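Colleague: Return atomic coordinates for the entry below.
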Amino acid sequence: MTESALNARLRADARMNVVLPKLIEIRAAKARLDAEEARALAEAQAIAADWTEEADNGRVGSDAGFPYRSVAAEIGAALRVSDRTVQRQMGEAATLVNDYAGTLEALDAGVISAAHVRAIVTAGSIIETPEMRGEFEQDVLQIAATQSATRLTPLAKRRAEWYADTTFEQRHRRAVEDRAVWVTDVDDGMAELRALLPAVVAHGVHDRLSEMARSVIDAREPETETETETETETDDNRTTDQIRADIFGDLLLTAAPTAHDGGPTDLGAIRASVQITVPVMSLIEKRITDPYETAFLVGHSPVDPQTACMLTAGASGWDRILTHPISGQVLAVDRYRPSEQQRRHLTVRDQHCRFPGCRMPAKRCDVDHTLDHAHGGETCEYNLALLCERHHMLKHHTAWTVRQLPGGVLEWTSPTGRVYLDKPISTIEFAPDPEHEILAPDPFAATLRRDPEELEPDDIEYDNLEFDPLELIPF
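Modeller: Numbering: from 1, shown residues only. Model (predicted):
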């Protein structure tokens, strides 16, 4: 090692001796805060439990869960996260505080991280006897203090089997009942289709897809030198992973593993109920491409123009959406053959449940009267909103209240008096770029300042618009 290299290493070591203690202290401080948060969430769980017990007048079933929902909704609205997530975290925190006191102390001391805690609590979930759980905890904490969380996870699972009250075979029979399939959106118009299956079935599916993919690759490779000389160059340069994914989609959509021959997969097989917002100018023969105006799978992600055209070409009907040119507020949704216009209007305006933080899709929501119909509430767009069953019931069975402001804005008031505004996502989605704002006087400004109870549909002065937005749509 040269003298310059040695000096460079010594300088780096000296700087690291300053940075490393800071990182260790920061990580320990995070662990202490995680422990404090767990105690606070466990206290919230206890508040809901006490509330349930004190107010229990023969309530059974889902009614008994409203205190938990209300408490979780209060925390979720304040932290701007889903109340379902908060309710799950409350339960997990209560388990940590009540059943794993030693693990909580180690977290508070900065000896382990939140990832270690998850590994320990998850592995210990199969142990029901408190004494056995305590022995397991002390056993695995010794490992956690010297190993990373990723190394701890399989070790903790193996140790937990020693203390479990049931055998793996018994638990597997129960776990099979939880098999499911779900979709998780990711970036750039992609999504993960995930399935929870018995391990043998899952690996069998993967192996079969791999064999089919290898068959496709083998078929495109020349067998003899003569074929090599005469063969035209193929356009199929997909990797094994790409072919495996294409065949997976083909089998589920068409039951034919070769549908990918005509494209990435056979989109013509899609017959699901999908709402896509497509700028009209992107569908004409000579498309005008605007990077800020793209087709969108409502509530999920952008869609590439080719896919949007293929799906809209086979659509049984089109919804035409009139939006305010400045605020982006949905003013009307119509169709040549009108049907369930109010529901379609709400589906476009709200797109999902309107409780703060909830993203339950519109198709799984109820149309709720903000002011109850039984109390004189009208069945009109400015007194209707989409709520999932969970938050629909929360509104009617707890002290949470809501009133609708102009523009479809919902003002929620929690049992403790805190106010949370939930704006329709469409007012953000359809709002134009600020640099293209129309600076003419806004004919809706006076209307939007009106009290919602005084607002009538006829009060909106459409005649004052300088142009008819519907004239921009060429059909």
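
Colleague: which residues of the stretch 301-450 of the chain score low on pLDDT?
Modeller: The model of the stretch 301-450 of the chain has pLDDT under 70 over residues 301-328, 330-339, 428-450.

Colleague: just the helices in it please.
Modeller: 305-313, 341-350, 389-397, 425-429, 445-448 (DSSP state H, counting those that start in this stretch).

Colleague: just the strands in the protein please.
Modeller: 180-185, 191-196, 276-277, 296-297, 301-302, 320-323, 330-334, 365-369, 384-388, 401-404, 410-413, 419-422 (DSSP state E).

Colleague: Which strands and helices lie in contact with the first one?
Modeller: For strand 180-185, the helices and strands in contact under the criterion 3 or more Cβ pairs under 8 Å, 6 or more residues apart in numbering; DSSP states H and E are strand 191-196. Every residue, glycine included, has its C-beta placed from N, CA and C.

Colleague: Can you give the strand pairings for the strand it packs on, parallel or anti for each?
Modeller: strand 180-185 (antiparallel) (DSSP bridges).

Colleague: longest helix anywhere in this protein?
Modeller: Counting residues, the longest helix found in the chain (DSSP state H) is helix 3-54.

Colleague: and it, average pLDDT?
Modeller: Averaging pLDDT along helix 3-54 gives 94.

Colleague: by contact count, what packs against it?
Modeller: Counting by 3+ Cβ pairs under 8 Å, 6+ apart, helix 3-54 packs on helix 66-79, helix 83-99, helix 101-108, helix 114-124.

Colleague: Ok, which of these comes nearest G408?
Modeller: helix 66-79 (18.3 Å; Cβ to Cβ).

Colleague: tilt between the longest helix of the chain and helix 101-108?
Modeller: Relative orientation of helix 3-54 versus helix 101-108 (axes from the mean of the first three to the mean of the last three Cα atoms, to 10 degrees): 140 degrees.

Colleague: now G376: how far from L23?
Modeller: 62 Å (Cβ to Cβ, to the nearest Å).

Colleague: And M393, by the same measure?
Modeller: 47 Å.

Colleague: and what of T146?
Modeller: For T146, the distance to L23 (Cβ to Cβ) stands at 18 Å.

Colleague: neighbours of Q341, just the number please.
Modeller: 14 (other Cβ atoms under 10 Å).

Colleague: ok, now which ones touch the nearest residue to A180 once chain neighbours are set aside?
Modeller: In space, and not counting its chain neighbours, A180 is closest to L196: 5.0 Å by Cβ to Cβ, 6 or more residues apart in numbering. Shown in contact with L196 (Cβ atoms under 8 Å, 6 or more residues apart in numbering): D178, R179, A180, V181.

Colleague: was I right about D185 contacting R359?
Modeller: No - using Cβ atoms under 8 Å, D185 makes no contact with R359, being 10.1 Å away.

Colleague: list the residues that contact both of these two?
Modeller: Residues touching both D185 and R359 (Cβ under 8 Å, 6+ apart): there are none.

Colleague: before we move on, the earlier item: what angle sits between the longest helix of the chain and helix 114-124?
Modeller: Between helix 3-54 and helix 114-124, the angle comes out at 50 degrees (the same axes, to 10 degrees).

Colleague: Please tell me the pLDDT value assigned to the nearest residue to K157 once chain neighbours are set aside.
Modeller: Excluding the flanking residues, the one nearest K157 by Cβ to Cβ, 6+ apart is A123, at 4.8 Å. You'll see A123 listed with a pLDDT of 92.

Colleague: With the one 5 residues further on instead?
Modeller: E128 is assigned a pLDDT of 90 by the prediction.

Colleague: which residue sits closest to it in space, ignoring its chain neighbours?
Modeller: D165 (4.6 Å).

Colleague: mind checking pLDDT for the one you found?
Modeller: pLDDT, read off for D165, is 84.

Colleague: what sits against it?
Modeller: Contact partners of D165, counting by Cβ under 8 Å, 6+ apart, are I126, I127, E128, T129, M132.

Colleague: 10 Å instead, please
Modeller: I126, I127, E128, T129, M132, R133, R171 (Cβ atoms under 10 Å, 6 or more residues apart in numbering).

Colleague: Any stretches of the stretch 51-200 of the chain with poor pLDDT?
Modeller: Using pLDDT under 70, the stretch 51-200 of the chain drops low at 56-64.
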